[in-house]
Each structure stands twice: as structure tokens, then as C-alpha cells.
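> sharing a model prediction with you, sequence too.
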Amino acid sequence: MTGAERKRATSRALPLDALRGLAMVWMTVYHFCFDLNHFGLIRQDFYFDPVWTWQRTGIVSLFLIAAGMGQALAVQAGQRWPRFWRRWAQVAGCALLVTLGSWWMFPHSWISFGVLHGMAVMLLITRWALLRGLSGAWPWLWGALLVAAGPLGSAWLQANAGAHPALAAALDSRWLNWLGWVTHKPPTEDFVPLLPWLGVMWWGVGAAQLLRAHAPGWLAQPVGRAGGALAWLGRWSLSYYMLHQPVLIGALTAWAAWGR
């Protein structure tokens, strides 16, 4: 490991990595249950039962809050564009792989704008806004406005779809439903549109700024043995995200074949 690499490793915000790792563990448990349901081993409604839909909301929120915090800290630390673009290309490339994989497994409900697609777009917007000096109370205010804009815009569109059928059809299409103003949730296995989720990422920006101003030592504190394991997982979150479902599905497929 070079001196620069050691400096990057020791300067990481371990509590933030642990928070991201916690989201990964929660997501794994959720996806394992989803896969059990897909294989017919349990019977649950993952699309309408609040027990599962609220968990999904919590997991995605935790991911985006951590991403917003990470981007705020990176901009403050002076992260240069080449390093940002390398990471962004990894996220965008993995989003494309998710689309291709979901099209193969769920041809009628493939993922065109899931969490990685949304994160790729939101990271661009967030970095652009931060570099132009949005700080203080603005992240909280913008976050609240964006979170509210999603359901309010969709409610207006639903109420006026009859009067504006072309607009409703355009916003419901895969070409524009990523904005978040839709008359109904599209038939897809993962949907994380810009509205309201960009607002959640901005709450993460606000959380990082709040910690930096009032508890700067929190982000540098040790996290203990269990927290260290979570932090390690959070540090490799993208790789883990891409591998965990193929491993789970492959294991369940092998188990089902062995059972037969």
C-alpha cells in the first residue's frame, strides 16, 4: 500500500462506512426473503404489504442518506473530478448490468430506473449543486421540497390525467417515469425516481453538514469490532451489491435442484 493509499484508508469516515454496511445487511435479509418468495418457499406480498414496502423505503433511504453524506464530505475534502468520474462510471456501469440482468430474469418487469440508476443521476446533481455553494439550511429545505414534490406532482397528474392524456402518457412512459411524476407505479422490480428520492439524498448532505458543524469528531471516531465489520462491508458496497443477489439466487437454485 502506498503512502497516498494509507492516507485515504485512515481518513475514511468509519461511522459512515458502517452506516452503509448496515444498509447492505438489511438489504441482504430483505432480498433473501424476496428470493424465498420468488422460489415459492414462502408466501408474501412484497409489492403491497406494508411490512415489506416500508422496509424497502427504509433501505433505499439509508443508502441515499449515506450517499449524500459521502458526497458532501468528498466535496469538502476537495475531491477532484477524475476521481468522481471513475466512481460515477462504476455506478452507472453497474446500473446497466442491473437492467440487463433484470431483463433476463423478469422480462415483463425489468428495471429501467432502480436505485443505482437513480444514484448515478442524483450524484451528478448533488455534486453540481454543492460545488456552487449550497450549504447551511439549504440541504434540509431543498430536501423537504423535493420529497414533497414527488407525491404532490403525482397526485396532480392522477387528478388531471383525463384532461391531459398526452402528458400523463409521456410521464408514465419508461422514457420519463424516472422523474417521479406518474399516475401509477410502473411494472418494474425496482423504481427509485428522481422525485422524491433526490430529497432524501439532500437530507444526507444536510446531516453531513450538521455533524461537521456541531460534532466533527463523530465521523472520525472508532466503531468497534462489529462496527469495523460493517465498515469493511460498506467500503465495498457496490461490489457487494452486484454480487449478493447472484449468490443468493444461485444458492437457492442449487438447493431447489438438490431437493428435487
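Looks like it came in fine. Numbers count the residues shown, from 1 in each chain.
> where in the stretch 151-260 of the chain is pLDDT low?
260 (pLDDT under 70).
> now tell me what touches stretch 207-215 from outside.
65, 68-70, 72-73, 76, 135-136, 139, 218-219 (CB atoms under 8 Å, 6 or more residues apart in numbering). Using the backbone N, CA and C atoms, a C-beta is placed for each residue, glycine as well.
> can you check stretch 223-240 too?
The contact list for stretch 223-240, computed with CB under 8 Å, 6+ apart, reads 12, 14-25, 66, 90-91, 94.
> the residues you listed in helices, which ones?
14-25, 66, 90-91, 94 (DSSP state H).
> which members of the residues you listed define the maximum pairwise distance?
Pro15 and Cys94 (24.8 Å; CB to CB).
> pull out the buried members of the contacts of stretch 223-240.
When those are checked for burial by 16 or more other CB atoms under 10 Å, the buried set is 12, 14-24, 66, 91, 94.
> biggest separation within these, which pair?
Pro15 and Cys94 (24.8 Å).
> how about the contacts of stretch 207-215 in a markdown table, adding neighbour count?
Shown next, in a markdown table, are the contacts of stretch 207-215 (neighbours: other CB atoms under 10 Å):
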| residue | neighbour count |
| --- | --- |
| Ile65 | 24 |
| Gly68 | 27 |
| Met69 | 27 |
| Gly70 | 24 |
| Ala72 | 26 |
| Leu73 | 20 |
| Gln76 | 13 |
| Ser135 | 13 |
| Gly136 | 11 |
| Pro139 | 26 |
| Trp218 | 12 |
| Leu219 | 16 |
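> now, those that are in helices?
65, 68-70, 72-73, 76, 139.
> just give me the closest of those residues to Phe48.
Nearest to Phe48 among these is Ile65, at 25.3 Å by CB to CB.
> quick one, what contacts the closest one?
19, 200-201, 203-204, 207.
> just Trp140 next, same as before
202-203, 206.
> so which of those is the most crowded?
Neighbour counts for those (other CB atoms under 10 Å) peak at Trp202, which has 31 neighbours.
> quick check: buried residues in the helix or strand containing Gln209?
Taking DSSP states H and E as the definition, Gln209 sits inside helix 194-214. Neighbour counts over helix 194-214 (16+ other CB under 10 Å) mark 194-209, 211 as buried.
> in the stretch 101-250 of the chain, which spans are helices?
Using DSSP state H, counting those that start in this stretch, the helices of the stretch 101-250 of the chain run over 115-131, 138-160, 165-172, 194-214, 224-235, 237-259.
> wait, which of those is closest to Met105?
The closest of the helices of the stretch 101-250 of the chain to Met105 is helix 237-259. By CB to CB, the value is 8.1 Å.
> so that closest one versus helix 115-131, what angle?
Angle, helix 237-259 to helix 115-131, by axes from the mean of the first three to the mean of the last three CA atoms, to 10 degrees: 170 degrees.
> using CSV, please lay out the contacts of Trp140 together with distance to Ser61.
Shown next, in CSV, are the contacts of Trp140 (distance: CB to CB, whole Å):
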residue, distance to Ser61
Trp202, 12
Trp203, 8
Gly206, 14
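> now, among the residues you listed, which is nearest to Ala256?
Trp203 (41.1 Å).
> gap between Thr28 and Tyr240?
8 Å (CB to CB, to the nearest Å).
> meant to ask about Cys94, not that
Cys94 is 11 Å from Tyr240, by CB to CB.
> go on, Gly118?
Taking CB to CB, one finds Gly118 at 18 Å from Tyr240.
> those two: which is more packed in?
Taking neighbours as other CB under 10 Å, Gly118 and Tyr240 compare with Gly118 leading, 25 against 19.
> any idea of the pLDDT on the more buried one?
We have a pLDDT of 97 for Gly118.
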